[in-house]
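Visitor: 3D, please:
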Amino acid sequence: MLNNVPYCRSGDSDSDGLERVLLQRISHGDRDAFRDLYVRYHRRLARFLARLTHGRNDAEDIINDTLWIVWQRAGDFRGASRVSTWIMGIAYRRALKNIQRAATQVRVMALELAGTTAETDDATESLADRQLLERGLAQLPLDQRLVLELAYYLDHSCEEIAEIMECPVNTVKTRMFHARRKLRGILSVPDSGRGMRP
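Guide: Numbers count the residues shown, from 1 in each chain. Below is the predicted model of the structure:
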């Protein structure tokens with residue numbers, strides 16, 4: 001998953017086309033179209049925001065704020081990017097405002113490792129690896145963690161991440177490079193007697 005090649009991929013034009021139609025309908029006050037878009041984005045936004053906020057209630061508040069802005073500004077979407085990039089950009093900016101208001105450092109919500117008992121089956125080992133990865137991500141600086149989250153968890157290209165984070169594409173690639181390097185260092189340190197290779 002984490003290698004030296006920048007993670008970039010092309011968009012799903014069928015999905016984006018449908019979402020553009022939904023946005024156009026929403027811009028005319030179509031509540032059914034808004035409900036469809038809400039259902040399409042709620043889980044995706046929740047997954048992203050749960051990693052940036054301190055709790056489910058914060059994430060839900062940001063999701064509602066984000067989708068309220070989509071409802072109000074659907075007519076402002078000009079089609080210069082994918083709909084998902086536009087919506088994730090709104091969510092990203094709402095999350096940053098939430099973080100600043102709370103005056104706290106963002107931390108990834110990681111599960112506690114279950115004791116020091118030996119893990120024998122693959123399912124338990126896989127869970128421990130995921131937990132270790134979550135703990136590693138939590139130690140990265142916010143900007144570096146976000147590029148990994150947006151790329152690997154939410155499947156955005158480098159260009160889309162640059163648009164969401166309002167920075168140059170080269171900045172995204174640099175953050176991704178440093179994030180991977182730091183994460184490798186964190187994950188190579190044994191935890192409870194075992195390490196994990198990215």
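Visitor: so which residue is dead centre in this structure?
Guide: Compute the mean C-alpha point of the chain, and by CA atoms, centre = their mean the closest residue is Phe48, 3.6 Å away.
Visitor: residues of the helix or strand where that one lies that come out buried?
Guide: Here Phe48 sits within helix 31-50, counting by DSSP states H and E. Residues of helix 31-50 classed as buried: Ala33, Phe34, Asp36, Leu37, Tyr38, Arg40, Tyr41, Arg44, Leu45, Phe48, Leu49, Ala50 (neighbour count, 16 or more other CB atoms under 10 Å). Every C-beta, even on glycine, is put in place using the N, C-alpha and C of the backbone.
Visitor: by contact count, what packs against that helix?
Guide: Applying 3 or more CB pairs under 8 Å, 6 or more residues apart in numbering; DSSP states H and E, we find helix 31-50 packed against helix 13-27, helix 56-73, helix 83-102.
Visitor: quick one: mean pLDDT for it?
Guide: In this model, helix 31-50 has a mean pLDDT of 91.
Visitor: for Ile63, report the pLDDT, please.
Guide: Note for Ile63: predicted pLDDT of 92.
Visitor: isn't it right next to Ala91, touching?
Guide: Yes - counting by CB atoms under 8 Å, Ile63 does reach Ala91; the two are 7.4 Å apart.
Visitor: what's the overlap in contacts for those two?
Guide: Both Ile63 and Ala91 are in contact with Leu45, Leu49, where contact means CB atoms under 8 Å, 6 or more residues apart in numbering.
Visitor: the two - which one has more neighbours?
Guide: Taking neighbours as other CB atoms under 10 Å, Ile63 and Ala91 compare with Ala91 leading, 25 against 22.
Visitor: what's the helix holding Phe48 in contact with?
Guide: 19, 21-23, 25-26, 56, 58-60, 62-63, 66-67, 70-71, 84, 87-88, 91, 95, 109, 149-150, 153-154.
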